[in-house]
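In: How does the following fold in three dimensions:
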Amino acid sequence: MKILITGVNGQLGYDLSRVLRDDNHEIIGTTREIMDITDFTKVREVITRIEPDMVIHCAAYTAVDKAEMEVDICEKVNVSATENLAKLCGEKDIKFVYFSTDYVFNGEGYDFFEPEDKITTQMNVYGRTKYEGELAVQKYIDKFFIIRISWVFGINGNNFVKTMIKLGQERKSINVINDQIGSPTYTYDLAQLVKVMIKSNKYGIYHATNEGICSWYELALEIFKKLNIKIDVNPVSSDEYNSVAKRPKNSRLSKEKLIKSGFEKLPTWQDAIERYLEELSYL
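Out: Residues are numbered from 1 along each chain as shown. I've put the predicted structure just below:
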């Protein structure tokens, strides 16, 4: 297929590009300079010229705390731009992949959220705008995959793992939140799933993270253990951390729909962390 990927230089866009190119797809990656997705005229011009078989939409406003102050910009990127792409892909019958987030849920309770669960409220601007992006995709497109992910880490960009490595080299002790529970998502593993998924017509909403759950505190301990870094890691509550945007304490996403649809779940998050550290040449 000829596949257009937005946000190709981001963590996910980078890995999708290299994995799908290796699978003999023709990849056209776009950045803000190549195609301003908030400009409908520019989007129409690029889509019409390239005529892709599929658009994979990775570009997003993901600065969760900053979004609370830059509401208009966040809405423009996560909602209006997604709507621009969805309208054109629906009009031209182009398959569409949209990456969403655990933040679309209210983050309460202890149960695993299912892809088809009713969604009523989000706890921050980022979550609300990503959910409104989901609604735009469903409004304009029939052939879509909406894939909700969480705690993303990849080779190209900043993330929690890289931050922990840096802090582990600079400090003797750190505080890490221990009451937010979820699953890390290695972009390389996710790209392998997407590679299989897009060859099917099993459209719909899916959850896709690495298997197993942990807190940020437990994730940090695993990173330092694998790297043999001696550092005191102190567990703290979300209230003690006092971030600008409220974060979900429950980010448990059920992946049973993947199995029911004939797809394989991703490897465990511990295995993913080890391979990622190898990729970064730390192991």
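In: Tell me which other helices or strands the one helix or strand in the chain whose mean pLDDT sits lowest touches.
Out: The helix or strand of the chain with the poorest confidence is helix 238-241; it has a mean of 91 (mean pLDDT, DSSP states H and E). Judged by 3 or more C-beta pairs under 8 Å, 6 or more residues apart in numbering; DSSP states H and E, helix 238-241 is in contact with strand 173-177. Any C-beta I mention is one placed from the backbone N, CA and C, and that applies to glycine too.
In: Give me the next element, helix or strand, following the strand it packs on.
Out: strand 181-182 (DSSP states H and E).
In: Outside of that following strand itself, list whatever touches it.
Out: 102, 150-151, 209, 213-215, 248-253 (C-beta atoms under 8 Å, 6 or more residues apart in numbering).
In: on that earlier part again, what are the buried residues along the helix or strand following the least confident helix or strand of the chain?
Out: Reading on from helix 238-241 to the C-terminus, the next helix or strand found by DSSP H and E is helix 256-260. Applying a neighbour-count criterion of 16 or more other C-beta atoms under 10 Å, one finds Lys257, Leu258 buried in helix 256-260.
In: now swap in stretch 22-29 and tell me
Out: Applying 16+ other C-beta under 10 Å to stretch 22-29 flags Asp23, His25, Ile27, Ile28, Gly29 as buried.
In: Of those, which belong to helices?
Out: With DSSP state H as the criterion, helices contain none of the buried residues of stretch 22-29.
In: Out of the residues you listed, which comes closest to Leu88?
Out: Ile28 (14.8 Å; C-beta to C-beta).
In: any idea how far the nearest residue to that closest one once chain neighbours are set aside lies from Ala59?
Out: Once flanking residues are discounted, Ile28 sits nearest to Leu4: 4.8 Å by C-beta to C-beta, 6 or more residues apart in numbering. Using C-beta to C-beta, to the nearest Å, one gets 11 Å for the distance from Leu4 to Ala59.
In: what do the two both touch?
Out: Counting by C-beta under 8 Å, 6+ apart, the common neighbours of Leu4 and Ala59 are Thr30.
In: Show me where the stretch 151-283 of the chain has its helices.
Out: Shown for the stretch 151-283 of the chain, the helices assigned by DSSP state H, counting those that start in this stretch span residues 160-170, 187-197, 216-227, 238-241, 256-260, 269-279.
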